[in-house]
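**Q** below are the sequence and a predicted model for it; my questions follow.
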Amino acid sequence: MNPKIKGQILLETLLVLPVLFLTLYLMTILLLTTLSKLMLQWTCFSMARTVLEEPSLSLFELHHKANQQLQSLPFVQDTCSLSIEQTKKDIYVHLHQPFFILGRTYELEHRLALSR
């Protein structure tokens, strides 16, 4: 092989590797963010279901359960904010979780309404 072609192949390889690693990094961030959103939705649903099953639980106990479920989320910066409203027909759950990614704080939130 010609040395000029070998050098060109090496240069092209060195230029492609950072782009490949950056793409892999960004895809990992996207995957973890998507999983975080799905876990937040599941926690919101399980809190509403818990309120339906055990309406005597205090907001403190529900908040503690939600934090236990959400502590495995990647990039979590703070504890979650949970608000629950109950009416005769419905239960409304609003869960809000801040997380830190790429030097910025983002907020995941989910609202859910379940009918009795």
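**A** On my side now, so go ahead. Since this is a predicted model, take the numbers as computed values, not measurements.
**Q** host element of the residue nearest to the spatial centre of the chain?
**A** Nearest to the geometric centre of the chain sits residue 36, at 1.8 Å (C-alpha atoms, centre = their mean). Here residue 36 sits within helix 3-53, counting by DSSP states H and E.
**Q** and after that helix, which helix or strand comes next?
**A** With DSSP H and E setting the assignment, the helix or strand that follows helix 3-53 is helix 59-70.
**Q** list the buried residues for that following helix?
**A** In terms of neighbour count (16 or more other C-beta atoms under 10 Å), helix 59-70 has its buried residues at 62-63, 65-66, 69-70. All C-beta atoms are positioned from the backbone trio N, CA, C, and that covers glycine.
**Q** pick the one among these closest to residue 52.
**A** Distances from residue 52 to the buried residues of helix 59-70, taken as C-beta to C-beta, are shortest for residue 62 (11.9 Å).
**Q** find the nearest non-adjacent residue to that closest one, please.
**A** Nearest residue to residue 62, sequence neighbours excluded (C-beta to C-beta, 6 or more residues apart in numbering): residue 47, at 5.8 Å.
**Q** show me which of the buried residues of helix 59-70 is closest to residue 112.
**A** Using C-beta to C-beta, residue 66 is the member of the buried residues of helix 59-70 that lies nearest residue 112, at 12.2 Å.
**Q** what sits against that closest one?
**A** Remark: with contacts taken as C-beta atoms under 8 Å, 6 or more residues apart in numbering, residue 66 is in contact with 43, 47, 80, 82, 95.
**Q** check these and tell me the two furthest apart.
**A** Across those, the longest distance by C-beta to C-beta is 9.9 Å; it joins 47 and 80.
**Q** could you list the low-pLDDT ranges of the protein?
**A** By pLDDT under 70, the weakly predicted segments of the chain are 1-7.
**Q** surely residue 109 is in contact with residue 98?
**A** No - contact between residue 109 and residue 98 fails when scored by C-beta atoms under 8 Å: they sit 9.4 Å apart.
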